[in-house]
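Peer 1: coords please:
(chains A and B)
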Amino acid sequence: MTGQAAAIGTRYPLLFSYRDTLFGTGLVLEVQVTNGRALCVQEAKDEYWIYGINPGGMAAHGATPDEAHTAFRRAFSHILIDLANEAETFDHFQTAVEKFFNDTNPGYEGEWQQAILAVRRGDVTLDGVPMVPANSPRSIRVTIKQVEQVTPQDNSAQLQYLLAA
Amino acid sequence: MPRLVRLDDVWRMLDACLAGYEKILKPHRWNVKHGGRTYHEVPLGEHGRRKNPEIETGHIRGLVRFFEIPESCYSQFLDLS
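Peer 2: This next block holds a predicted model:
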């Protein structure tokens, strides 16, 4: 990826879509988020941080953008597990997850918007990471999954992230 | 290797800069709550919960921006540059 040779301070606006399957008390739960927003920043040599914009209350790091994203993805899932452990009912869980996802980090939102402009100018790219419109609709869906609906596909973590432009 | 800050310095900063915040210990992280909002990812420190561990600075950069804590306040306690 060009980020390996990019300057420290380079910012990459990301959109990500994840699907998580969790177990509640007597329930199989599915959380599907589409076009969550995050900002990846190269803060030092071999140090990339991903700051959540939506969800805003989390961050993760790695030696490459891919590693940082893997850590971000893992942290996202762990937070959902925390929320599932705290929720007494499905409605409580749904409300907590929606609140977590929709709570914006205002301190990084402006930089995310600025980074989009850099991508549009062609100043910033990520090799192998497709670009998508930055205004792609964001959504979250929390559902109860019937056992009959569970398939082997539920074992595979969804790891998609894209460069917002 | 990410830069580190002392967790006790983070709590001292929040005491001064984010009045009324609440810290909640989770199995694998701290949550910081304030004004009905939650920052979910304050680490326990390497090897789990220890007394005054060092934690990666980026998590706290995310936190201060999430709660819009002014640099003029947090910089008295932490170097997040």
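Peer 1: Now the closest residue to chain A within chain B: closest residue in space that isn't a chain neighbour?
Peer 2: Closest contact between chain B and chain A, by C-beta to the nearest C-beta, is at B:Arg65 (2.4 Å). (Glycine included, C-beta is placed from N, CA and C.) Closest residue in space to B:Arg65, ignoring its immediate chain neighbours: A:Gly107 at 2.4 Å, by C-beta to C-beta, 6 or more residues apart in numbering or on different chains.
Peer 1: for chain B, what spans make up the helices?
Peer 2: Assigned helices in chain B, in chain order: B:7-17, B:57-66, B:71-74 (criterion: DSSP state H).
Peer 1: Chain A now?
Peer 2: A:65-86, A:90-102, A:106-121.
Peer 1: can I get these in a markdown table with mean neighbour count?
Peer 2: Below are those laid out as a markdown table (neighbours: other C-beta atoms under 10 Å in any protein chain shown):
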| stretch | mean neighbour count |
| --- | --- |
| helix A:65-86 | 19 |
| helix A:90-102 | 17 |
| helix A:106-121 | 17 |
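Peer 1: Switch those helices over to TSV; also include mean pLDDT.
Peer 2: Output for these, formatted as TSV (pLDDT from 0 to 100):
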stretch	mean pLDDT
helix A:65-86	95
helix A:90-102	96
helix A:106-121	97
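Peer 1: List just the one of those helices that sits closest to A:Val33.
Peer 2: helix A:90-102 (5.9 Å; C-beta to C-beta).
Peer 1: circling back: mean neighbour count, the helices of chain B: which tops it?
Peer 2: helix B:57-66 (a mean of 24; mean count of other C-beta atoms under 10 Å in any protein chain shown).
Peer 1: name the helices or strands packed onto that one?
Peer 2: strand A:47-54, strand A:59-62, helix A:106-121, strand B:4-6, helix B:7-17, strand B:37-43 (3 or more C-beta pairs under 8 Å, 6 or more residues apart in numbering or on different chains; DSSP states H and E).
Peer 1: angle of the first one against helix A:106-121?
Peer 2: I take that to be strand A:47-54. Put simply, strand A:47-54 runs at 110 degrees to helix A:106-121, going by axes from the mean of the first three to the mean of the last three C-alpha atoms, to 10 degrees.
Peer 1: contact partners of strand A:47-54?
Peer 2: A:3, A:14, A:36-43, A:58-65, A:67-69, A:71-72, A:101-105, A:108-109, A:112, A:138, B:1-2, B:58, B:61-62, B:65 (C-beta atoms under 8 Å, 6 or more residues apart in numbering or on different chains).
Peer 1: related to what we said a few turns ago, my read: the residue nearest to B:Arg65 touches B:Ile60, true?
Peer 2: No. Using C-beta atoms under 8 Å, A:Gly107 is not in contact with B:Ile60; the gap is 12.0 Å.
Peer 1: How about the lengthiest strand in chain A, which residues are buried there?
Peer 2: Longest strand in chain A by number of residues (criterion: DSSP state E): strand A:27-44. Under the neighbour-count criterion of 16 or more other C-beta atoms under 10 Å in any protein chain shown, strand A:27-44 has A:28-31, A:33-43 buried.
Peer 1: Could you tell me which residues of chain A lie near chain B?
Peer 2: A:43-44, A:47, A:49, A:51-52, A:55-61, A:75, A:78-79, A:82, A:100, A:103, A:105-108 (C-beta under 8 Å from any C-beta of the partner chain).
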